[in-house]
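Enquirer: this is the structure alone, sequence omitted:
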């Protein structure tokens, strides 16, 4: 329900931003017994009449777009009724309430405080993005070729149960248990590649935790392997995915090997990439930017300030391998 509600709110935001003044007027009154409403008006009604008391349960578990909070606060301030259920004599008051709601939302989202919220929301992602691009440059300054893997890790149905828990305290406790488990799984997987599979030559990694309607909690990860030591990216990614499924999650995991379906992506930033491969580097950085993007609707919420994005330590320029100087 939370995903559908947030989608409705963002559609209504688009309407409010493009349409000045009142949204509802006398032209919408019933004609011959039928209520005539435009698409834009229906969008606003859908967002205004969301059952906010129910989506509060979801808002506890996830970070939502600041627009959701703005709509929720205005909903609590203004009593609204559904024009589809109103009598002819009740429509003027109904439309007046909806117009007041629209005006309140516009005032809230145009305030300096709200704009600072949005800026902070975007700034965090921009910081992640710029840091990740510098990280990639530093890895290529150290290694002339990198074998890049992109694997998505998630859990099968029933692997992590949160949505079935109703009581607020129980949901928060379950979130703590789940967040601890998925964080431990990530640490175990990266530690395994570092310490027990040294022959793969992993020199870097990046991860992003997200929450989706179908997948629930899941990771998008990139691994950077020393291209002078390994090849066969599809085979290696498959083995890592199977280790996630069978060992890390003890049969409850699911993975997707992006390297095995390179043709699916507009910017294929995986496989063997050399420092002087302009197209490969461009595609890799495009894919990295996507990984660090702002979650437009809902992002995973981790308790106690746990991160939802991370990468390996950036190698220092002085750590570059000895060898023939590069020709640029």
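Expert: Okay, I see it. As the structure is a computational prediction, the values presented were derived from the model and not from experiment. Numbers count the residues shown, from 1 in each chain.
Enquirer: please make it C-alpha for all contacts and neighbour counts, starting now.
Expert: Will do.
Enquirer: the strands in the stretch 151-300 of the chain, which residues?
Expert: 202-212, 216-226, 253-257, 271-274, 298-300 (DSSP state E, counting those that start in this stretch).
Enquirer: ok, which of those comes nearest residue 71?
Expert: Of all the strands of the stretch 151-300 of the chain, strand 298-300 sits nearest to residue 71, with 15.2 Å by C-alpha to C-alpha.
Enquirer: helix or strand next in line after that closest one, which one?
Expert: Downstream of strand 298-300, the first helix or strand assigned by DSSP states H and E is strand 309-311.
Enquirer: got the contact list for residue 215?
Expert: 154, 155, 156 (C-alpha atoms under 8 Å, 6 or more residues apart in numbering).
Enquirer: can you tell me which of these are buried?
Expert: Neighbour-count burial (16 or more other C-alpha atoms under 10 Å) is assigned, among those, to 154, 155.
Enquirer: make CSV out of the contacts of residue 215 and add pLDDT and distance to residue 140.
Expert: Shown next, in CSV, are those (pLDDT from 0 to 100; distance: C-alpha to C-alpha, whole Å):
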residue, pLDDT, distance to residue 140
154, 92, 29
155, 89, 33
156, 82, 36
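Enquirer: format the contacts of residue 215 as TSV; extra columns: distance to residue 194.
Expert: Shown next, in TSV, are these (distance: C-alpha to C-alpha, whole Å):
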residue	distance to residue 194
154	21
155	23
156	26
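Enquirer: tell me where the protein has helices.
Expert: 2-18, 39-48, 52-61, 66-77, 91-109, 112-142, 168-191, 233-243, 278-291 (DSSP state H).
Enquirer: rank these by pLDDT, which is bottom?
Expert: Least confident of the helices of the chain, judged by mean pLDDT, is helix 52-61 with a mean of 68.
Enquirer: now the helices of the chain as TSV including mean neighbour count and distance to residue 219?
Expert: Shown next, in TSV, are these (neighbours: other C-alpha atoms under 10 Å; distance: least, C-alpha to C-alpha, whole Å):
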stretch	mean neighbour count	distance to residue 219
helix 2-18	17	19
helix 39-48	19	30
helix 52-61	16	17
helix 66-77	17	23
helix 91-109	19	32
helix 112-142	16	16
helix 168-191	16	9
helix 233-243	18	12
helix 278-291	18	10
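Enquirer: can you put the ones you listed in TSV and add distance to residue 223?
Expert: Below are the helices of the chain laid out as TSV (distance: least, C-alpha to C-alpha, whole Å):
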stretch	distance to residue 223
helix 2-18	30
helix 39-48	41
helix 52-61	29
helix 66-77	32
helix 91-109	40
helix 112-142	11
helix 168-191	9
helix 233-243	9
helix 278-291	11
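Enquirer: quick one, which of the ones you listed gets closest to residue 226.
Expert: The nearest among the helices of the chain, by C-alpha to C-alpha, is helix 112-142 at 9.6 Å.
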